[in-house]
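Q: Quick one, structure for this:
(chains A and B)
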Number of protein chains: 2
Amino acid sequence: MIQPFDDTYFMKKALQEAQEAFDKDEIPVGAIIVIKDRIIARAHNLTERLNDVTAHAEMQAITAAANFLGGKYLKDCTLYVTLEPCQMCAGALYWSQISRIVYAARDEQRGCINLNTKLHPKTKIEGGILAEEASDLMKRFFIEKRNLN
Amino acid sequence: MIQPFDDTYFMKKALQEAQEAFDKDEIPVGAIIVIKDRIIARAHNLTERLNDVTAHAEMQAITAAANFLGGKYLKDCTLYVTLEPCQMCAGALYWSQISRIVYAARDEQRGCINLNTKLHPKTKIEGGILAEEASDLMKRFFIEKRNLN
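A: Numbering: from 1, shown residues only, chains lettered A, B, ... in the order given. The predicted structure follows:
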């Protein structure tokens, strides 16, 4: 059976968000939140534009999804994010009790896995979906930045 | 020499914020951010009212202080918070590169110390200022909650 709404489909949507961040000269990270194959939040990193370290894609997506659902817990939701969440975002996801986190590229240095950020027991995390695309966009961003400076 | 603006003075201001949260039926945590003895942000927990797990006192204070300063790094700033920050808030404080964190009560279970959340090398953290007052307010909150249910 053909599954039109699979992890790759949704990660592509998160990558579109990352591209929007890129176009705004923001570190290109995008996130979406899905419940029952329906996208209920889309966001991209806006830390520069908003002058706010808390404006990561995931944080905005969590707030938007809770707003959509009318409740603060993200039960039965999946977050698709183009970069492994940092401590702050993983900490927010802990409080949200989200069911599943799917990330594209790893963040060995500042990601929640190597930093051992605690996730909620109800949360599953997996990675690697479209990792190369996400990582290429990131590399392209930093190369362009370097060439401009 | 009398020091009117010491840690106790500022923690009292954070406690006033915690009391405001209490009065709104929110878990009573308050935070302020200070630069050169001047309070540039005040906030209290609003997770219930905003239906948003990210609406911790510290997160709002970080956003407000960056807004006040016109830049996202909280260099030379001190955060006073009535409860030891959680992973999310400590993760946000990491990104902010804040100079100093002073908390009142410990949070053994969900606080950043026992969960080993990484702070920025530029950040000092210390605790225990008005710990009993902060902890009493918290206990009173949960006792009242229990009696109402």
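Q: And stretch A:63-78, what's buried?
A: By 16 or more other CB atoms under 10 Å in any protein chain shown, the buried positions in stretch A:63-78 come out as A:Thr63, A:Ala64, A:Ala65, A:Ala66, A:Leu69, A:Lys72, A:Tyr73, A:Leu74, A:Cys77, A:Thr78. Any C-beta I mention is one placed from the backbone N, CA and C, and that applies to glycine too.
Q: Which helix or strand lies directly C-terminal to the one helix or strand A:Tyr80 maps to?
A: Applying DSSP states H and E as the criterion places A:Tyr80 in strand A:77-83. Note on strand A:77-83: by DSSP H and E, the next helix or strand toward the C-terminus is helix A:87-96.
Q: For that following helix, give me every contacting residue.
A: Helix A:87-96 is touched from outside by A:54, A:56, A:58-59, A:62, A:66, A:72-74, A:77, A:79, A:81, A:85, A:101, A:110, A:112, A:115, A:117-120, A:123, B:47, B:53-54, B:86-92, B:94-95, B:117-118, with contacts defined as CB atoms under 8 Å, 6 or more residues apart in numbering or on different chains.
Q: just the buried members of these?
A: Buried, going by 16+ other CB under 10 Å: A:54, A:56, A:58-59, A:62, A:66, A:72-74, A:77, A:79, A:81, A:85, A:101, A:110, A:112, A:115, A:117-119, A:123, B:47, B:53-54, B:86-92, B:94-95, B:117-118, out of the contacts of helix A:87-96.
Q: does A:Leu137 really touch A:Glu17, like I thought?
A: No. Applying CB atoms under 8 Å, one finds A:Leu137 not in contact with A:Glu17, separated by 10.9 Å.
Q: any residues in contact with both of these two?
A: Contacts common to A:Leu137 and A:Glu17, judged by CB under 8 Å, 6+ apart, are A:Thr82.
Q: quick revisit: ok, the buried residues of stretch A:63-78 vs B:Ile39, which is closest?
A: Taking CB to CB as the measure, B:Ile39 sits nearest to A:Thr63 out of the buried residues of stretch A:63-78, at 25.7 Å.
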